[in-house]
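1. sequence? don't have it. structure:
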């Protein structure tokens with residue numbers, strides 16, 4: 001019997017529905033749902049509302065399944081890190097076996113039902129996303145290389161491609177660029193968090209860039225990836241799903257993001273500690289809005305295009 005099970009028995013508690021829901025990482029799932037929905041709605045092929053609803057539902061379930069399997073595998077380090085020790089398994093509310101069973105069951109259900117409700121391309125992309133997040137990132141990269149976030153970020157970048165595939169049955173330049181937007185955004189987002197949460201990753205033995213290469217190197221990487229991100233973001237404006245709302249949003253956000261990255265880069269660890277990592281925290285908070293506003297702008301342009309207010313993109 002696992003430590004989590006013993007702890008739960010010792011407390012005399014039974015898992016509640018909210019504990020199982022917490023295994024699905026609902027905050028991460030919300031990003032999965034939103035970006036997948038945008039990918040579906042901005043596609044040039046209309047989708048029946050019922051098909052769209054059930055497809056997004058099964059994509060969300062697949063994302064939640066990945067979260068449950070991630071928590072099952074990472075239960076040992078989740079008990080160490082302050083940020084994760086209140087999760088259901090380390091807190092003793094759910095056993096590791098229950099998390100594994102739930103994750104596997106929901107993975108199979110989500111992929112099978114997406115294939116039946118939409119198409120096999122979308123289902124195959126969802127299956128690969130789950131595999132990539134659980135096996136490639138969680139089981140392999142996360143504890144092996146400081147590039148874990150760089151490569152592993154692909155898992156969180158697939159949802160808009162899946163949504164696009166639900167509508168079109170394939171992949172295109174537009175869906176690849178939506179993928180790239182999230183993929184390149186992920187490292188500076190997580191590295192800025194790691195700058196002021198270094199002890200957590202150090203204690204757990206996770207080779208985050210801040211732990212293996214130090215703060216100065218991490219700051220340089222954040223600036224470099226932010227420059228690449230700006231180029232990718234503006235490139236998406238030149239595709240068929242771009243438009244005036246997106247172009248304006250991307251221009252403003254990337255200017256602010258570049259300024260923030262420059263401020264993070266242009267200071268020493270001593271200055272950051274004296275400031276309680278204020279610039280790093282501001283950059284991280286801005287990164288939380290970055291993707292949401294970009295994808296909202298894509299959706300706004302798609303709506304304007306549908307009502308004939310603006311014409312097609314490039």
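-> That came in fine, so what should we check first? The structure presented is a predicted model; accordingly, all values stated were derived computationally and were not measured.
2. check what pLDDT residue 10 gets.
-> Residue 10 carries a pLDDT value of 40.
3. repeat for residue 198
-> Confidence score, pLDDT, at residue 198: 63.
4. show the end-to-end separation of stretch 147-162, please.
-> End-to-end distance for stretch 147-162, by CA to CA, to the nearest Å: 25 Å.
5. in that stretch, which residues are buried?
-> 148-162 (16 or more other CB atoms under 10 Å). C-beta here means a position set from N, CA and C on the backbone, and glycine is covered the same way.
6. can you check stretch 229-242 too?
-> Under 16+ other CB under 10 Å, the buried positions of stretch 229-242 are 229, 230, 232, 233, 236, 237, 239, 241, 242.
7. hey, where'd the helices end up in the stretch 201-314 of the chain?
-> 209-212, 214-236, 244-265, 269-274, 278-306 (DSSP state H, counting those that start in this stretch).
8. so what does the last one touch, helix or strand wise?
-> Okay, so that is helix 278-306. Here helix 278-306 touches helix 26-41, helix 173-195, helix 214-236, helix 244-265, going by 3 or more CB pairs under 8 Å, 6 or more residues apart in numbering; DSSP states H and E.
9. packing partners of the second one?
-> The elements that helix 173-195 packs onto, with contact taken as 3+ CB pairs under 8 Å, 6+ apart, are helix 26-41, helix 148-152, helix 154-157, helix 159-168, helix 209-212, helix 214-236, helix 244-265, helix 278-306.
10. can we see that at 7 Å?
-> Taking 3 or more CB pairs under 7 Å, 6 or more residues apart in numbering; DSSP states H and E as contact, the helices and strands that helix 173-195 lies on are helix 26-41, helix 148-152, helix 154-157, helix 159-168, helix 209-212, helix 214-236, helix 278-306.
11. hang on, the earlier thing: right, and the helices of the stretch 201-314 of the chain - which one's nearest residue 86?
-> helix 278-306 (20.2 Å; CB to CB).
12. quick revisit: quick one: closest of the helices and strands packed on helix 278-306 to residue 83.
-> Per CB to CB, nearest to residue 83 of those: helix 173-195, 9.0 Å.
13. pull out the buried positions in that closest one.
-> Buried-residue list, helix 173-195, by 16+ other CB under 10 Å: 174-195.
14. next: stretch 217-233.
-> Quick answer for stretch 217-233 (16+ other CB under 10 Å): 218, 219, 221, 222, 223, 225, 226, 229, 230, 232, 233.
15. check stretch 109-117 too.
-> 110, 111, 113, 114, 115, 117.
16. before I go, just wanted to say thanks for your time.
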